[in-house]
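1. fold the stuff below for me.
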Amino acid sequence: MHQVHESSGDYIQDLYDTLHGKRPDIDIFQLSYLYATTDFNSLMHFEEDGYKAGILLQHIRNERKRLRKVKRRKQFFTILDSTLKTGILDRLKQREFLLAEERIYRFATMRDLGAVADHIFEMNEMNNWAYTLLNGNDDNYLSLLDSPEEFTAIAQYFCKTDEKKPFEWLYSYILEIIDCCPKSYLEGGIFGKWMRSIFGVFFFAKAVGNTHWDTISHLAGYFATTYLFDDIIDDPGYQDEEKEHYFTNVLTLLRSESSGKLHYSQDPVMAISERAFTGIRELLDKERLKMVARSYEAIAQATYIGSNWQYTTPLTGTTLYAIAAIKAAYTRIIPAILAGHPIDRIFLSHCMKAGLIYQLTDELRDICEDLEEKHVTPFNYYCHGCVPQDIHPIHVLCIAVSRLSEINSAEIPDAYDLWVLRISHALRLFYLKSGRKEMKEIFRDMEFPVDQLTEELAKLGDCAEEIIDIEAEASKMYSDIAVSMRGGWTKKPVYGH
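-> As a prediction, the model looks like this:
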């Protein structure tokens, strides 16, 4: 199934050539799968020859110690403030939020650009988002979507432009997709994912100095809407025949170069996502359109294959991790293409390596939902799959973090700390979604290996109440806003993704 013929053997060069249309004879998904499996085997060799478990362990301990200091400081000032009414707790909270914002910003630039990451934004731009979250419990505060004027003002400041029309359109389009999207999707946190994807396109545009904000805003909105594909394919409310038709329709839209009459699905959710693919197609030049189409094809096929897995499906570890890497890698490659960022060999290689880490941390934080909904991921397949796995996903995650941190350490000295930050965020949500048991007990339920590394990770997870995850807080805020706009606050906890 995953055969690629006439390959040069330099898979990253082949991937570059295929993505850029120089090798139209090669299927992009098959080649991506081949590269991802080869890279996973390379990762397993790294475990034997270069994995510095002790260094990673020390960075995990350092983060836990930092969080314990935060807890002790908060306890002290709580007692002091109850007596003297100094207001110092509010200032402490603000300081912690701004520090968390700075760290997540540094992490995001490293995640998206690797060793070539640079400080593209001024930190005061990012701090505005932290202040928005800090005011989130204030009944008088203006949310991002309270008015087109507020949304446009924030976007203008972020993009350093006086233009209004692009952001007014984007505001209206966001309301349109909220209105169309099922409430259950919104409760699951998809709106936070949409907003992050919109910011992602803006981020890459700023990175290359692309100031065509009207086009960028349209592309960002359409890109966000295409995320409905995953939810539709995973939605048990649709019949298999409906999903087959939708999947085929999306591939047809991506592969078609004609601007003639198109036949969209009857279902309004499917149709709005299909129109988003068409909108992207109509805005891009021919070369970038083909790159985006090939990237979406890789995601669509990986998602579709994964959605048909069951615990009885015989799966090797290599297959599980290759599919995971493909899905996450192209979610970073696509916004870069949309924004006009160059897609070279170094960038592709980084996205594949970082993609595996990003997908595994997503699956770590979502273990509870995946078990409930029987979505097959490396974590639950390790426990329930019919094929025994040689290595636990938590160790694969840590080895991958070590490898990429070593690659980036010369240019990004705090690379280890930033990836540990991502792990701590995943553990925080895993802890919250699990019903707040002790992490050791949660790990035992999921058959995590009992060793020094998992012991330290469990201790880090037990510090969940002190971990400030700006990304998750923003996702929750966005999701709550979206659900509220659809007719009332949800009683279901929304954590974001």
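2. mind checking how far I337 is from T331?
-> Distance of I337 to T331, given as Cβ to Cβ, to the nearest Å: 12 Å. Yep, even glycine has a C-beta here, placed from its N, CA and C like the rest.
3. looking at these two, which has the bigger crowd around it?
-> I337 (26 against 23; other Cβ atoms under 10 Å).
4. ok, that one touching F347?
-> No - between I337 and F347 there is no contact under Cβ atoms under 8 Å: 10.4 Å.
5. in whichever strand or helix holds W169, what counts as buried?
-> In the assignment (DSSP states H and E), W169 maps to helix 165-180. Residues of helix 165-180 classed as buried: 166-168, 170-171, 173-174, 177-178 (neighbour count, 16 or more other Cβ atoms under 10 Å).
6. so after the helix or strand of the chain with the lowest mean pLDDT, what's the next helix or strand?
-> Sorting the helices and strands of the chain by mean pLDDT, DSSP states H and E puts helix 123-134 at the bottom, at a mean of 52. Next helix or strand after helix 123-134 toward the C-terminus (DSSP H and E): helix 148-159.
7. what sits against the residue most central in space within the chain?
-> Per Cα atoms, centre = their mean, the C-alpha nearest to the average position across the chain is that of Y358, at 6.5 Å. The contact partners of Y358, by Cβ atoms under 8 Å, 6 or more residues apart in numbering, come to 111, 328, 332, 422.
8. what's the farthest-apart pair in those residues?
-> The two members of the contacts of Y358 with the most space between them (Cβ to Cβ) are R332 and R422, at 13.8 Å.
9. more neighbours: the two, which one.
-> A side-by-side neighbour count of R332 and R422, using other Cβ under 10 Å, places R422 first with 26 against 21.
10. list the contacts for the closest residue to that one other than its chain neighbours?
-> Excluding the flanking residues, the one nearest R422 by Cβ to Cβ, 6 or more residues apart in numbering is T361, at 5.3 Å. Counting by Cβ under 8 Å, 6+ apart, T361 makes contact with 397, 422-423, 425-426.
11. before we move on, back to that, joint contacts of R332 and R422?
-> Common neighbours of R332 and R422 (Cβ under 8 Å, 6+ apart) are 111, 358.
12. pLDDT on the helix ranked longest in the chain, on average?
-> Identified as the longest helix of the chain according to DSSP state H is helix 53-84. Helix 53-84 shows a mean pLDDT of 85.
13. next: stretch 350-361.
-> 94.
14. just stretch 430-448 next, same as before
-> 86.
15. just the CA trace of the helix or strand F277 falls within, in PDB.
-> Element membership for F277 (DSSP H and E) is helix 268-283. This file holds the C-alpha atoms of helix 268-283, laid out as PDB (Å, rounded to 0.1, in the frame of the first residue of the first chain):
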ATOM      1  CA  PRO A 268     -24.100  22.300   5.500                       C
ATOM      2  CA  VAL A 269     -21.100  21.500   7.700                       C
ATOM      3  CA  MET A 270     -19.500  19.500   4.900                       C
ATOM      4  CA  ALA A 271     -20.300  22.100   2.400                       C
ATOM      5  CA  ILE A 272     -18.800  25.100   4.300                       C
ATOM      6  CA  SER A 273     -15.500  23.100   4.600                       C
ATOM      7  CA  GLU A 274     -15.600  22.200   0.900                       C
ATOM      8  CA  ARG A 275     -16.100  25.900   0.000                       C
ATOM      9  CA  ALA A 276     -13.100  26.800   2.200                       C
ATOM     10  CA  PHE A 277     -11.000  24.400   0.100                       C
ATOM     11  CA  THR A 278     -12.400  26.200  -3.000                       C
ATOM     12  CA  GLY A 279     -11.700  29.600  -1.500                       C
ATOM     13  CA  ILE A 280      -8.000  28.700  -1.000                       C
ATOM     14  CA  ARG A 281      -7.800  27.400  -4.600                       C
ATOM     15  CA  GLU A 282      -9.100  30.600  -6.000                       C
ATOM     16  CA  LEU A 283      -6.700  32.900  -4.100                       C
END
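16. report the contact partners of R111.
-> Applying Cβ under 8 Å, 6+ apart, the residues contacting R111 are 332, 354, 358, 422.
17. what are the buried residues along stretch 22-42?
-> For stretch 22-42, by 16+ other Cβ under 10 Å, it's 23, 26-40.
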